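Novice: Okay, sequence plus prediction incoming.
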Amino acid sequence: MAQLIIAAFTMGLLGSFHCVGMCGPLALSLPLNNDSLWSKFSGGLLYNAGRITTYSLLGLAVGLIGHSIALAGFQKALSISSGIIIILVAAGSLVHTKINFLNKYVVRFTSAIKNRFKKYFARKSWTTLFMIGTVNGLLPCGFVYLALAAAIGAGNVIGSTTYMAQFGLGTLPMMLFISLSGNFFGLKFNRFINKATPYVAMAVAALLIVRGINMTEHSCCHHH
């Protein structure tokens, strides 16, 4: 489980560089008070807490599904098949079938959110920042889907929820940095991260598959 949690955090950390391109404009237009660094920091934290809350709730939802499958005696198959799905998606992205094929919809959805929240953006209240974060967490995103596929492989509610919470925490440093500084990394760096990501996803997938295979061994031992 500890390995999966570290994998989730790493996935979130790498994914956050991709988030910068997708959700960065939203993070940059947050109604943060410019009075002090502290109010900017706490506002950025609240916005990100909203995102992490949504990711955790999504983890809870897939955890319930995973738990039902595990209860039916398919936990090993669930862990292995989650790994295989992630490998297929990651391999697909290496052969230029983009993980972020949803990009244009995300852009549309982001601007719809901005328009919906226009009056809230003017208010600068703490609640608003948290709410913008929770809705932002629902943006269609290839990375979130990859994380959810890994989370369902945990096969239990606590494991899946923890996985997604850790994934969210992994995205925190970069997204908070963007809210505070407004600086974007160079294109070369973003390209490097995008290239590295499928390999990280495959490492997570390998973990899930090995975990599934080990479960088979344990169950064999129990029979003896």
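Specialist: Structure's in. What do you need? Numbers count the residues shown, from 1 in each chain.
Novice: could you list every residue that touches Gly168?
Specialist: Gly12, Asn48, Arg51, Ile52, Tyr55, Ser56, Gly137 (Cβ atoms under 8 Å, 6 or more residues apart in numbering). All C-beta atoms are positioned from the backbone trio N, CA, C, and that covers glycine.
Novice: element containing Gly15?
Specialist: If you go by DSSP states H and E, Gly15 is part of helix 2-28.
Novice: Tell me which helix or strand comes right after that helix.
Specialist: Sequence-wise, the next helix or strand downstream of helix 2-28 (DSSP H and E) is helix 37-69.
Novice: Out of the contacts of Gly168, which comes closest to Ser181?
Specialist: Closest approach to Ser181 among the contacts of Gly168 (Cβ to Cβ): Asn48, at 14.5 Å.
Novice: so what pLDDT did the closest one get?
Specialist: Looking at Asn48, its pLDDT is 92.
Novice: same check, this time on Ser36
Specialist: Looking at Ser36, its pLDDT reads 74.
Novice: burial of it, as a residue count?
Specialist: 9 (other Cβ atoms under 10 Å).
Novice: for it, what are its contacts?
Specialist: Shown in contact with Ser36 (Cβ under 8 Å, 6+ apart): no residues.
Novice: again with Ser79
Specialist: Here Ser79 is in contact with Gly153, Gly155, Leu208, Ile209, Arg211, Gly212, Met215 (Cβ under 8 Å, 6+ apart).
Novice: and the first one, what is it in contact with?
Specialist: The reference is to Gly153. Gly66, Leu78, Ser79, Ser82, Gly83, Leu208, Arg211, Gly212.
Novice: Quick one: mean pLDDT for stretch 177-194?
Specialist: For stretch 177-194, the mean pLDDT works out to 64.
Novice: and if you look at stretch 2-21?
Specialist: Across stretch 2-21, the average pLDDT comes to 78.
Novice: distance between that stretch and the chain's centre?
Specialist: 7 Å (Cα atoms, centre = their mean, to the nearest Å).
Novice: contact partners of that stretch?
Specialist: Under Cβ under 8 Å, 6+ apart, the answer for stretch 2-21 is 100, 141-144, 146-147, 150-151, 154, 159, 162-164, 166-175, 178, 184-185, 189-190, 193-194, 196-197, 200-201, 203-204, 207-208, 211.
Novice: lowest-confidence helix or strand of the chain?
Specialist: helix 118-123 (a mean of 65; mean pLDDT, DSSP states H and E).
Novice: After it, which helix or strand is next? Please name it.
Specialist: Next element after helix 118-123 (DSSP H and E): helix 126-136.
Novice: Tell me which residue lies nearest the centroid of the protein.
Specialist: For the chain, Val144 is the residue whose C-alpha lies nearest the centre (Cα atoms, centre = their mean; 3.9 Å).
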